[in-house]
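*Asks:* The following comprises the amino acid sequence and a computationally predicted model.
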Amino acid sequence: MSTLAIILIVAAVVVVALIAYFAMRGPAKEKRRARARDMRDRAEINRAQAEKERAGADEQEARARREAAEADERARKAERERERADRQAERAASIDPDRKRGGLFRRRKGSDERTVDSDASDRDEVVERR
């Protein structure tokens with residue numbers, strides 16, 4: 001009977017050891033699970049912040065592209081307006097009767113009586129109009 005008692009005692013010790021092992025292992029697993037969950041949560045928060053920053057950067061980039069496109073369009077419009085003004089000026093110059101008769105150095109009718117001082121005052125008036 002002593003052999004049977006020894007076997008029962010050893011079996012009981014093994015069972016108690018297994019119960020203690022699984023009992024102690026449970027909280028350790030739970031701690032690791034909790035740590036893993038916390039790490040996943042932090043990673044998700046960081047990912048969300050990174051996505052938010054990326055969205056802000058994309059929006060800023062789109063705004064910059066839109067502003068650049070608007071500036072290009074304003075530059076093209078200004079160039080078209082300048083070209084139109086140049087064509088109008090050329091057209092006006094081509095139909096100007098004074099230009100055909102010598103331009104600035106022509107003699108006006110009745111200008112023989114005018115003096116050099118009156119020509120200077122005419123030039124001053126032209127400069128003031130501009």
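*Replies:* That came in fine, so what should we check first?

*Asks:* Tell me the buried residues in stretch 50-69?
*Replies:* Neighbour counts over stretch 50-69 (16 or more other Cβ atoms under 10 Å) mark no residue as buried. C-beta: built from backbone N, CA, C; applies to glycine.

*Asks:* average pLDDT across that stretch?
*Replies:* Per-region confidence: stretch 50-69 scores 97 on mean pLDDT.

*Asks:* gap between it and the chain center?
*Replies:* Distance of stretch 50-69 from the chain centroid (Cα atoms, centre = their mean, to the nearest Å) equals 4 Å.

*Asks:* Kindly report the same for stretch 56-72.
*Replies:* Shown here is stretch 56-72, whose average C-alpha point lies 4 Å from the average C-alpha point of the whole chain (Cα atoms, centre = their mean).

*Asks:* just stretch 15-26 next, same as before
*Replies:* Taking Cα atoms, centre = their mean, one finds stretch 15-26 lying 61 Å from the centre of the chain it belongs to.

*Asks:* pull the CA atoms of that stretch into CSV?
*Replies:* What follows is the C-alpha trace of stretch 15-26 in CSV, where atoms were taken according to Å, rounded to 0.1, in the frame of the first residue of the first chain:
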residue,chain,number,x,y,z
VAL,A,15,-2.3,17.6,-10.6
VAL,A,16,-1.8,20.4,-8.0
ALA,A,17,1.3,21.6,-10.0
LEU,A,18,-0.7,21.6,-13.2
ILE,A,19,-3.5,23.5,-11.6
ALA,A,20,-1.1,26.0,-10.1
TYR,A,21,0.7,26.3,-13.5
PHE,A,22,-2.5,27.0,-15.4
ALA,A,23,-3.8,29.3,-12.6
MET,A,24,-0.6,31.4,-12.7
ARG,A,25,-0.4,31.3,-16.5
GLY,A,26,-3.9,32.8,-16.9
